[in-house]
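K.L.:
Here is the input, now give the coordinates:
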Amino acid sequence: MYNLPYFKADNEKDVIEFMRQHSFITLSGCSADLKPVATHIPVLLEQREDKLFLIGHIMKQTDHHKAFAQNNNVLAIFTGPHSYVSASWYVDKQQASTWNYMTVHAKGKLTFLDETALLEVLTKTTSHFEKDNSSPSLN
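P.N.:
Numbers count the residues shown, from 1 in each chain. Here you go, the predicted model:
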């Protein structure tokens, strides 16, 4: 990902709001034997003091669960709108075509929770994303 300062958001509140609006992330890392792993999950954001926590769920005993258990360094990728930008749109025809996009990369450590906390995560996630309060998953 290009890291050009004139395209970078510098307002932390804007970045966190972007993360909240695009909360279906790619969670990636490496296993203990340095094989890449990734999974896609919805997350909730929680701010505690000066730290930001991503709360989500992955299935146990899958390749990515086993890899994250061995190496808890992760990269969470939040992806937003994107579009192709044709070189034909530029006055200078020597410009290359490019891609315009919005994304946030958040690095951190993954922690697995106990069964009680897992139930809380699943309840919070369902409550947040379920639009019908009479859904059987909420009762």
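
K.L.:
Give the closest residue to Ser86 in space, chain neighbours not counted.
P.N.:
Ser97 (5.4 Å; Cβ to Cβ, 6 or more residues apart in numbering). In short, each C-beta sits where N, CA and C put it, glycine included.

K.L.:
show me what contacts the one you found?
P.N.:
Listed by Cβ atoms under 8 Å, 6 or more residues apart in numbering, the contact partners of Ser97 are Tyr84, Val85, Ser86, Ala87.

K.L.:
Quick one: mark the members of the residues you listed that sit in strands.
P.N.:
Among these, the ones falling in strands (DSSP state E) are Tyr84, Val85.

K.L.:
if we take the contacts of Ser97, which one ends up nearest to Phe24?
P.N.:
For the contacts of Ser97, the closest approach to Phe24 (Cβ to Cβ) belongs to Tyr84, at 22.1 Å.

K.L.:
what are the bridge partners for the most centrally placed residue in the chain, then?
P.N.:
Nearest to the mean C-alpha position of the chain, counting by Cα atoms, centre = their mean, stands Ile25 at 3.1 Å. Beta-bridge pairing for Ile25 (DSSP bridges): Ile41.

K.L.:
Could you measure from it over to Ile41?
P.N.:
According to Cβ to Cβ, to the nearest Å, Ile25 stands 6 Å off from Ile41.

K.L.:
same deal with Ser88?
P.N.:
39 Å.

K.L.:
before we move on, what about Arg20?
P.N.:
Arg20 is 15 Å from Ile41, by Cβ to Cβ.

K.L.:
Within the helices and strands, which one has Lys66?
P.N.:
Element membership of Lys66, judged by DSSP states H and E, is helix 63-70.

K.L.:
Would you mind pulling the contact partners of that helix?
P.N.:
The set of residues external to helix 63-70 that reach it, using Cβ under 8 Å, 6+ apart, is 27, 29-32, 35, 37-39, 58-59, 74, 110, 112.

K.L.:
Buried ones in stretch 13-30, by neighbour count?
P.N.:
Using 16 or more other Cβ atoms under 10 Å as the burial criterion, the residues of stretch 13-30 that qualify are Val15, Phe18, Met19, His22, Ser23, Ile25, Leu27, Ser28, Gly29, Cys30.
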